[in-house]
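S.K.: sequence first, predicted coordinates after that:
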Amino acid sequence: MQNIVVTGATGNIGSRIVLELVARKRADVIAFVRDPLKASSLAAAGAVLRRGTLEDSASLRAGFAGADTVVLITAGGTLAEQAKAAIEAARAAGVRKIVRVSSLKASLDGPTDSCRQDARAEAHLRASGLTHVILRGHCFMQNTLKGIRSIREEGNVYFGSGSGKIGMIDARDIADAAVAAVERDAWDGQILELTGPVAIDFATVAAAFTAELGLNIAYVPIAPEAAGEAARKFGADPWTATVLTEYCTAYAKGWGDFTTQHVAELTGHAPRSIADFAREVLAPAFSLRP
Ligand SMILES: NC(=O)c1ccc[n+]([C@@H]2O[C@H](COP(=O)([O-])OP(=O)(O)OC[C@H]3O[C@@H](n4cnc5c(N)ncnc54)[C@H](OP(=O)(O)O)[C@@H]3O)[C@@H](O)[C@H]2O)c1
């Protein structure tokens, strides 16, 4: 097995991918990071760190040198440009395969800038001629961790999706799927929408949190614009806040109301439920004092 480089390696998905690949001792696992200090736990586990940014082509080419496969995770309002630069650097560096973490229902005329930009990124990848797998993740259950303070202080979960159902996914399942797509060629050339086991509304999310935490937690629907505004207040950049408003608007109309079987096909295990997430991720985070 050849070298594998993971970008976005300090994030939710990327860090788990790095740790899983290292644990399997299948290859030299290289974490492409902006700040090596933030990646000290990855280095301690045995990953090699290479420093760079997705805006800097020279650092990308150096970061991808000698790699067989790149797991390409980008972030934020320039994600299409980041992906284009990374795909070109991968070609220049002789990379064979890219496993791309993309957005739900990526489409040039989709309802969010994230899915429109990811459609452009996917087009670059297809045009590159590189072997690739595209994994489009549904709304992460982990997004709810941003509301942990209002859960603790008010017993409320605020979101802007009305009663729209969403095939929410535990980000750990996207990481597990990416590891499978790295290790096997069975899904090469495919686009796979990854979802949780069932489409749920936020009243169901609040009920799962109530059951796990033993508190009375209510879902408080707010307008999509108010969800974006609240994200701004808590530190999100303008693009992220706008995209959140766009996703909420789309979810409220039922755009996210679907599930697929792809997590199970890729990973060999059922996708984690909101109850699994509440027990294994939310409750430990909730027990930490702010
Ligand atoms: N949230 C959702 O519901 C959802 C759904 C579908 C798809 N996605 C996509 O999945 C991606 C990964 O999600 P996540 O939760 O793992 O993200 P995350 O925790 O926010 O992590 C983002 C990662 O990207 C790195 N990064 C950001 N800008 C960079 C740059 N300019 N150059 C190099 N690295 C950069 C960050 O590094 P630092 O640690 O240095 O900041 C971090 O490692 C998201 O970016 C999003 O596009 C999200």
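M.R.: Received it, and whenever you're ready, just let me know what you need.
S.K.: so which residues on the stretch 151-290 of the chain come close to the ligand?
M.R.: A171 (Cβ under 6 Å from any ligand atom). For glycine as for every other residue, the C-beta is placed from the backbone atoms N, C-alpha and C.
S.K.: oh sorry, the question was meant for the stretch 1-150 of the chain
M.R.: So the stretch 1-150 of the chain meets the ligand at 8-14, 34-35, 38, 53-55, 73, 75-76, 79, 101, 103-104, 137, 139-140, 143 (Cβ under 6 Å from any ligand atom).
S.K.: mind giving me the ChimeraX command for buried ones among those residues?
M.R.: ChimeraX command restricting those to the buried ones, with burial defined by 16 or more other Cβ atoms under 10 Å:
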select :8,9,10,11,12,13,14,34,53,54,73,79,101,103,104,137,139,140
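S.K.: inside helices: which ones of the residues of the stretch 1-150 of the chain next to the ligand?
M.R.: Secondary structure from DSSP state H places N12, I13, G14, L79 of these in helices.
S.K.: which residues are in contact with the last one?
M.R.: The one in question is L79. Shown in contact with L79 (Cβ atoms under 8 Å, 6 or more residues apart in numbering): S114, Q117, D118, A121.
S.K.: list phi and psi for F159.
M.R.: Main-chain torsions, F159, degrees, to the nearest 10: phi -160, psi 160.
S.K.: measure it to C139 for me?
M.R.: 10 Å (Cβ to Cβ, to the nearest Å).
S.K.: which parts of the stretch 51-200 of the chain are strands?
M.R.: With DSSP state E, counting those that start in this stretch, the ranges of strands along the stretch 51-200 of the chain come out as 67-72, 97-103, 131-137, 156-159, 191-194.
S.K.: mind listing what the second one pairs with, with the direction of each?
M.R.: Using DSSP bridges, the neighbouring strands of strand 97-103 in the sheet come out as strand 67-72 (parallel), strand 131-137 (parallel).
S.K.: so what touches stretch 140-149?
M.R.: Contacts of stretch 140-149 with the rest of the structure, by Cβ under 8 Å, 6+ apart, involve 12, 157-159, 168-171, 174, 196, 205, 209, 231, 234, 272, 274, 277, 281-282, 285-286, 290.
S.K.: can you do 6 Å?
M.R.: N12, V157, M168, D170, A171, F277, A285 (Cβ atoms under 6 Å, 6 or more residues apart in numbering).
S.K.: filter the contacts of L79 down to the buried ones.
M.R.: Buried subset of these (neighbour count, 16+ other Cβ under 10 Å): S114, Q117, D118, A121.
S.K.: and the last one, what's its pLDDT?
M.R.: Yep, that's A121 we're talking about. Per-residue pLDDT puts A121 at 98.
S.K.: so it touches Q82, yeah?
M.R.: No: A121 lies out of contact with Q82 (Cβ atoms under 6 Å); the separation is 8.1 Å.
S.K.: which neighbours do these two share?
M.R.: In contact with both A121 and Q82: no residue, using Cβ under 6 Å, 6+ apart.
S.K.: point me to the residue of the stretch 1-150 of the chain nearest the ligand.
M.R.: Nearest residue of the stretch 1-150 of the chain to the ligand, counting by Cβ to the nearest ligand atom: G11, 2.1 Å away.
S.K.: for that residue, give me the pLDDT.
M.R.: G11 carries a pLDDT value of 96.
S.K.: quick one on the thing from earlier: let's have the ones in helices among the residues of the stretch 1-150 of the chain next to the ligand in JSON lines, adding distance to C248.
M.R.: Listed next are these as JSON lines, based on distance: Cβ to Cβ, whole Å:
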{"residue": "N12", "distance to C248": "20"}
{"residue": "I13", "distance to C248": "22"}
{"residue": "G14", "distance to C248": "25"}
{"residue": "L79", "distance to C248": "19"}
